[in-house]
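>>> no sequence for this one, just the structure:
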């Protein structure tokens, strides 16, 4: 089965026009799905936004009154056991990335903004695929291993 992936990238209108590399986000999603052996018709939505907006989303949906770098909202529609007809897309969910965190963390870790943007996209998508680094040290190690393998596929390895 081949991949037919739709990545809807939305950039908050409060951010400067052209500052976000949407093609890189698309490539990060595709590399993640390839590395994770996900095939079929898949849709993902990615929002790159302000620290204030991600703070609001975190407070509203996770009940955590703090800003963060990335949030993932899996499509938890009540379709357990439901088989999609051939060609129907599987909507994985939404990822929200804080652009100020991209800039800050790229500086802190001493790598490019592109690497940080791709990394947060990969991290968010792995959460949509069921990975959770907060469950246990083993889960954290597994997620880190996948993240680095995907970043290598994107030719953006850790320095």
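Perfect, I can see it now. Keep in mind that this is a model prediction, so the values were computed, not measured. Numbers count the residues shown, from 1 in each chain.

>>> And what about residue 119, helix, strand or coil?
On the three-state scheme (DSSP: H, G, I helix; E, B strand; the rest coil), residue 119 is labelled helix.

>>> so what's it up against?
147, 151, 156 (Cβ atoms under 8 Å, 6 or more residues apart in numbering). Every residue, glycine included, has its C-beta placed from N, CA and C.

>>> For it, give me the pLDDT.
Confidence at residue 119, expressed as pLDDT, is 97.

>>> what's the answer for residue 2, then?
pLDDT, read off for residue 2, is 48.

>>> Low-confidence stretches in this structure?
1-3, 76-88, 136, 159 (pLDDT under 70).

>>> thinking again about what came up before, out of the contacts of residue 119, which are inside helices?
When the contacts of residue 119 are checked against helices (DSSP state H), the matches are 147, 151.

>>> Just the closest of the contacts of residue 119 to residue 126, please.
The closest of the contacts of residue 119 to residue 126 turns out to be residue 147 (Cβ to Cβ; 6.7 Å).

>>> Find the helix or strand that the nearest residue to that closest one once chain neighbours are set aside is a member of.
Closest residue in space to residue 147, ignoring its immediate chain neighbours: residue 122 at 5.5 Å, by Cβ to Cβ, 6 or more residues apart in numbering. The secondary structure element spanning residue 122 is helix 113-128 (assigned by DSSP states H and E).

>>> in that helix, what counts as buried?
113, 115-128 (16 or more other Cβ atoms under 10 Å).

>>> And the strands in this protein, which stretches?
Secondary structure of the chain (DSSP state E): strands at 3-11, 40-49, 70-74, 90-98.

>>> and the first one, which strands flank it?
The reference is to strand 3-11. With DSSP bridges as the test, strand 3-11 is paired with strand 40-49 (parallel).

>>> Could you list the residues in contact with the strand it pairs with?
Under Cβ under 8 Å, 6+ apart, the answer for strand 40-49 is 1, 3-12, 14-15, 20, 25, 29, 33, 87-99, 102, 117, 121, 124-125, 128.

>>> of those, buried ones?
For these, a burial check counting by 16+ other Cβ under 10 Å picks out 5, 7, 9, 11-12, 20, 25, 29, 33, 91-99, 102, 117, 121, 124-125, 128.

>>> Many thanks, I have nothing further to ask.
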